[in-house]
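Trainee: dropping the sequence and predicted coords here.
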Amino acid sequence: MSEPLIAIPPDGWTTDYLDELPVSSHRYELTDGSLSVSPSASNLHQALSARLFAALDALATEPFALAMAVDIRFGRQLTRIPDLMVVRSDEPGRHWFAPAEVVIAIEIESPGNHVEDRTTRPALYAQFGIPYYWRIEPSPPRVTTYRRGRGDAYTVSGSGERLTVTEPFPVDLDLTALLPHWAR
């Protein structure tokens with residue numbers, strides 16, 4: 001049997017270990033001290049993410065800021081990296097945020113991540129009090145928006161080809177227009 005490429009910490013992975021890893025194009029997330037590594041997203045996914053970031057950044061008002069592909073740290077052994085976030089923070093340039101700083105977590109679905117994006121992530125985000133969750137399917141473009149309801153769960157607040165919300169700031173975007181020309 002071959003040796004692992006990275007030594008597994010005896011007490012499980014923590015954010016301290018993540019901070020020591022070299023910068024890479026992979027996404028490292030923790031679940032109860034177990035490390036998950038995801039490859040970089042497709043070109044369509046990244047193009048939609050970048051264009052949505054720019055569109056939302058132009059609409060966001062103080063005190064909101066956009067963040068792209070950085071950690072939400074729920075605890076030392078539990079993290080997630082949404083594609084985009086709207087945060088309320090005095091230091092929006094950081095590489096991680098606490099759940100209390102995250103106003104909207106935004107996920108763009110990738111093949112093979114449907115269970116994570118439709119079940120695991122929204123349950124975790126709602127449990128930790130993140131007020132809004134937006135899930136975007138890139139092809140064909142469709143968004144489902146959620147808001148925190150009673151208890152630790154989200155309720156659907158909208159769905160369609162347009163991203164239209166009034167909270168926490170007004171947004172009305174045609175998702176098809178955000179796709180690169182070759183994907184329309």
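Mentor: Everything's here; your move. These numbers come from a predicted model, not from an experiment.

Trainee: how long is stretch 104-116 end to end?
Mentor: 17 Å (CA to CA, to the nearest Å).

Trainee: so for it, what gets flagged as buried?
Mentor: Within stretch 104-116, the residues scored as buried using 16 or more other CB atoms under 10 Å are I104, A105, I106, E107, I108, E109, S110, N113, E116. All C-beta spots, glycine's among them, are computed from the backbone N, C-alpha and C.

Trainee: in strands, which of those fall?
Mentor: If you go by DSSP state E, these have I104, A105, I106, E107, I108 in strands.

Trainee: distance of G158 from V37?
Mentor: Noted for G158: a distance of 33 Å to V37, by CB to CB, to the nearest Å.

Trainee: to clarify, my last question referred to S159.
Mentor: Distance from S159 to V37, by CB to CB: 31 Å.

Trainee: could you do R51 as well?
Mentor: Separation of R51 from V37 (CB to CB) stands at 26 Å.

Trainee: if you count what's nearby, which of the two comes out ahead?
Mentor: With neighbours defined as other CB atoms under 10 Å, R51 and V37 compare such that R51 has more, 16 against 11.

Trainee: ok now do that one, which residues does it touch?
Mentor: The contact partners of R51, by CB atoms under 8 Å, 6 or more residues apart in numbering, come to L178, L179, P180.
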